[in-house]
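Asker: no sequence for this one, just the structure:
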Ligand SMILES: [Fe+2]
Ligand SMILES: [Fe+2]
């Protein structure tokens, strides 16, 4: 989950409406499988802008060693956020609560059983696993699925190749 300092810049970025440029949208359509592109298209404009920026940075870091599933991982790592449907104010609340209470997946799973506003917070906290499950059902490469599931874990808990995981982590500025 984002640190408070990153939350501030992400908050202001999320207030700017609109998705990525036409050039980036075209590039993303060429990179992703059709089933992945449908999912990416359902993400908010600021989330799609963020994801395209992450993918561009990963590509420039890895160059020719950047296979398609790695770019898909960069583009879709936060696709699980579509489940909660939280917008900026709800996301700010979720992040503040998560850092003040301490991140706890068990608590998040309990909250998912609660009434709608509470459920959405729980779903937001569980977005890595929810996104990974969606990507698996849509036929994404195992690397893409793994990064969605692991992108908030400490580096030592990650199952991806170390160089690829570091490039993805460093490119993700939220
Ligand atoms: Fe995330
Ligand atoms: Fe991100």
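Answerer: Received it, and whenever you're ready, just let me know what you need. On a predicted model such as this, the values are computed, not experimentally measured, just so you know. Ligands and ions are numbered 1, 2, ... in the order given.
Asker: OK, contacts around the residue of the chain most remote from its centre?
Answerer: Computed with Cα atoms, centre = their mean, the residue of the chain farthest from its C-alpha average is residue 115, at 24.6 Å. Residue 115 makes contact with no residue under the criterion Cβ atoms under 8 Å, 6 or more residues apart in numbering. The C-beta positions use only the backbone N, C-alpha and C, and glycine is treated the same way.
Asker: give me the local confidence score for it.
Answerer: With respect to pLDDT, residue 115 scores 97.
Asker: do you know how far it is from ligand 2?
Answerer: 28 Å (Cβ to the ion, to the nearest Å).
Asker: could you report the neighbour count for the nearest residue to residue 171 once chain neighbours are set aside?
Answerer: In space, residue 171 comes closest to residue 57 once its chain neighbours are excluded; the distance is 3.7 Å by Cβ to Cβ, 6 or more residues apart in numbering. For residue 57, the neighbour count with other Cβ atoms under 10 Å is 17.
Asker: isn't residue 57 up against residue 75?
Answerer: No: judged on Cβ atoms under 8 Å, residue 57 makes no contact with residue 75 at a distance of 11.8 Å.
Asker: any idea how far the residue nearest to residue 152 when sequence neighbours are not counted is from residue 65?
Answerer: Nearest in space to residue 152, with sequence neighbours left out and distances taken as Cβ to Cβ, 6+ apart, is residue 128 at 5.5 Å. Distance, residue 128 to residue 65, using Cβ to Cβ, to the nearest Å: 25 Å.
Asker: more neighbours, these two?
Answerer: Neighbour totals were compared for residue 128 and residue 65, and residue 128 leads with 22 against 11 (other Cβ under 10 Å).
Asker: contacting residues for the more buried one?
Answerer: Going by Cβ under 8 Å, 6+ apart, the list of residues near residue 128 reads 80, 148-152.
Asker: could you identify which of those has the most neighbours?
Answerer: Among those, residue 148 has the most neighbours (other Cβ under 10 Å), with 26 neighbours.
Asker: next helix or strand past whichever helix or strand that residue is part of?
Answerer: Per DSSP states H and E, residue 148 falls inside helix 142-150. The helix or strand immediately downstream of helix 142-150 is helix 162-171, counting by DSSP H and E.
Asker: so what touches that next one?
Answerer: 53-55, 57-58, 61-62, 66, 70, 73-74, 77, 143, 147, 150-151, 155, 158, 160.
Asker: ok, of the residues you listed, which come out buried?
Answerer: Buried residues within these, counting neighbours by 16 or more other Cβ atoms under 10 Å: 53-55, 57-58, 61-62, 66, 70, 73-74, 77, 143, 147, 150-151, 158, 160.
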